[in-house]
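S.K.: What shape does this take:
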Amino acid sequence: MTGPQRVPGTSAAEHLPPAFPERAAWGTAGKLRAWQAEALEQYFRTEPRDFLAVATPGAGKTTFALRLAAELLAERKVDRITVVAPTEHLKVQWADAAARVGIRVDPYFKNSQGRHGAGYHGVAVTYAQVAAKPVLHHNRTQAARTLVILDEIHHAGDALSWGDAVREAFAPAARRLALTGTPFRSDTSAIPFVVYEPDDEGIRTSQADYSYGYSRALGDGVVRPVIFMTYSGQMRWKTKTGDVMETVLGAEATKDIHAQAWRTALDPRGEWIPAVLRAADIRLTEVRRTVPDAGGLVIATDQETARAYAKQLREITGEQVTVVLSDEAGAGKRIEEFQESQRRWMVAVRMVSEGVDVPRLAVGVYATSASTPLFFAQAVGRFVRARKRGETASVFLPSVPILLALANSLEAERDHALDRKPDPDDEGIIALDDDALARANESESASSALDDGAFEALRAEASFDRVLFDGGEFGAGGAVGSDDELDFIGLPGLLEPDQVAQLLRSRQAEQTKRKGTASGVAPPRADAAELEHRALKEERTKLQSMVGAWARRTGQKHGAIHVELRRACGGPAVAQASRAQIQERIATLQKWFVGRS
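M.R.: So this is what the prediction gives:
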């Protein structure tokens, strides 16, 4: 295409973009981070039509994309910009960021308008907006050389109709830049404009053109380290069949029992949620000693519980709480007001699941039933944006096995794989549960929808469980309000990662000593079964770490390496393997490393 093409029946003036500032005007708008400059250099080496950039939440994908857009506009390689975002609020956020580098984007463009005003370089739309009228967006894209920025492109795989609409609408684009900060889902719906290649097992896997993971971002100081504070407790509930059940949250049980105990813990009428909210507020107070504007966020499952949590927080803090229920009129404004204020707490259902920029968030309570790696990464991503050296993020979690596994595998990166069956060996032993993500994003009450009101939470008590940080576990539990809890939630707000680890080890030693002194005897030794359990867990972690290292050295996928190890050593998947079988695989990997050195 040599120049703009006019859509029949539209004004030629629409296709004359406003004058774009010279590089001198926008090039000083902000210094690029090393990864952003590296990704730009990689892009401009070949200037491909399609480019997929994967960067961890908080790394600055928007800045990278807008700098690339500014380059292409300045060099007259494109005439128009279209940004596709997941939500209405994010459209405005993109437009605000674009304005800071001289790019004028209309976030209020409606399909009924047909074309945008001559005063803009382009528009920001949602995936749903594109799916409503793909032909309109196809014609707009075809009418001028267009750069399409697909923010959080995994949304194009949310439904077959959405994927088809995105493909139809933006097939004529001169350039397409796809962005994501979270793992793609594993399913069989190919995402438009993403390249897939078969791996060693013949599974088609997405190929990113540039990747910037959490661990590298952490090393660069671009994101904060995360401390996970986990809480257990005694749960009691009545099932829909009338049976009364009781268990400790996180104790060994079936998947259904875990889900029901988790649901009981999140019930605002119990004691678990108020106890955890009080602990999180104590943590926020400690952080605010050194970071005065630090804020907290509670992520709730549905509107009814969100309001109940907000009421409890008002009683705990004596302050007003910002409540954001869904992507509704005024929700974006409330988020912006919270960011600009000194208010302590915000409670939200789905508006903060991804992309929303509130850098002062430092403490979170994960009080939702969503358990997908995608949603968990999005949620934790709200707290990791670094502002000053030494800041840490603190996220309070129910002691539910799948959440603990997600927390421990935070640095694991996944590709969007097609034709893949769930594999318990695949990076973290976590199954994908997209129904849970859908429930977490509903604006209606999920609680009432599950069992037609038959489920009844009877009692939910809280107890401090442990702290997860940097792959390690610290603490041996304790009552809410005890020194065993306060030792950990009272950590200073500004610490380097190595100082956090050192202090956690010190607090654990003090706790162990205190318990031994209180009993008048040395701390009890773990029995043989407990020692075996801990040793097996440590060796599984070691195996996963070595598999990750081998993957980085060879370029193989984690799943393919596990398949090779099972072929060489025999035995079942990691989750079912005995300690001896895990040790044999570790020894085999060690031989591989020696052979390649």
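S.K.: could you pull out the helices for the stretch 201-350 of the chain?
M.R.: 214-219, 255-266, 272-288, 303-317, 331-340 (DSSP state H, counting those that start in this stretch).
S.K.: buried residues in stretch 579-596?
M.R.: 581-586, 589, 592 (16 or more other Cβ atoms under 10 Å). All C-beta atoms are positioned from the backbone trio N, CA, C, and that covers glycine.
S.K.: Isn't residue 69 up against residue 146?
M.R.: No: shown here, residue 69 and residue 146 do not form a contact pair, counting by Cβ atoms under 8 Å, at 10.8 Å.
S.K.: Between the two, which contacts overlap?
M.R.: 78, 81 (Cβ atoms under 8 Å, 6 or more residues apart in numbering).
S.K.: And the closest residue to residue 369 other than its chain neighbours, its phi and psi?
M.R.: Closest residue to residue 369 apart from its sequence neighbours, by Cβ to Cβ, 6 or more residues apart in numbering: residue 301 at 4.9 Å. As for residue 301, its main-chain torsions (degrees, to the nearest 10) stand at phi -80, psi -40.
S.K.: burial measure for residue 301, as a count.
M.R.: For residue 301, the number of neighbouring residues by other Cβ atoms under 10 Å comes to 23.
S.K.: what's the spacing between the residue nearest to residue 214 when sequence neighbours are not counted and residue 149?
M.R.: Once flanking residues are discounted, residue 214 sits nearest to residue 56: 4.3 Å by Cβ to Cβ, 6+ apart. Going from residue 56 to residue 149 by Cβ to Cβ, to the nearest Å gives 18 Å.
S.K.: Residue 478 now?
M.R.: Using Cβ to Cβ, we find residue 478 at a distance of 48 Å from residue 149.
S.K.: So the two - more neighbours on which side?
M.R.: Between residue 478 and residue 149, residue 149 has the larger neighbour count (other Cβ under 10 Å), namely 26 against 20.
S.K.: if I've got this straight, that one is in a helix?
M.R.: No: if the criterion is DSSP: H, G, I helix; E, B strand; the rest coil, then residue 149 is strand and not within a helix.
S.K.: Who are the contact partners of it?
M.R.: 65, 69, 81-84, 94, 177, 179.
S.K.: Kindly report the same for residue 500.
M.R.: Residue 500 neighbours (Cβ under 8 Å, 6+ apart): 225, 227, 392, 469-470, 491.
S.K.: Mind checking which of these are in strands?
M.R.: Counting by DSSP state E, the contacts of residue 500 place 227, 469 in strands.
S.K.: hmm, which of the contacts of residue 500 are the buried ones?
M.R.: Of those, these count as buried by 16+ other Cβ under 10 Å: 225, 227, 392, 469-470, 491.
S.K.: Including distance to residue 292, could those residues go into CSV?
M.R.: Shown next, in CSV, are the buried ones among the contacts of residue 500 (distance: Cβ to Cβ, whole Å):
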residue, distance to residue 292
225, 21
227, 20
392, 16
469, 24
470, 27
491, 17
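S.K.: Farthest pair within these?
M.R.: Greatest spatial distance in those: 470 and 491, 13.5 Å, computed using Cβ to Cβ.
S.K.: Low-confidence ranges, the protein, go.
M.R.: Regions of the chain meeting the criterion pLDDT under 70 cover residues 1-30, 158-160, 182-188, 199-202, 326-329, 350-356, 410-454, 514-535, 596-597.
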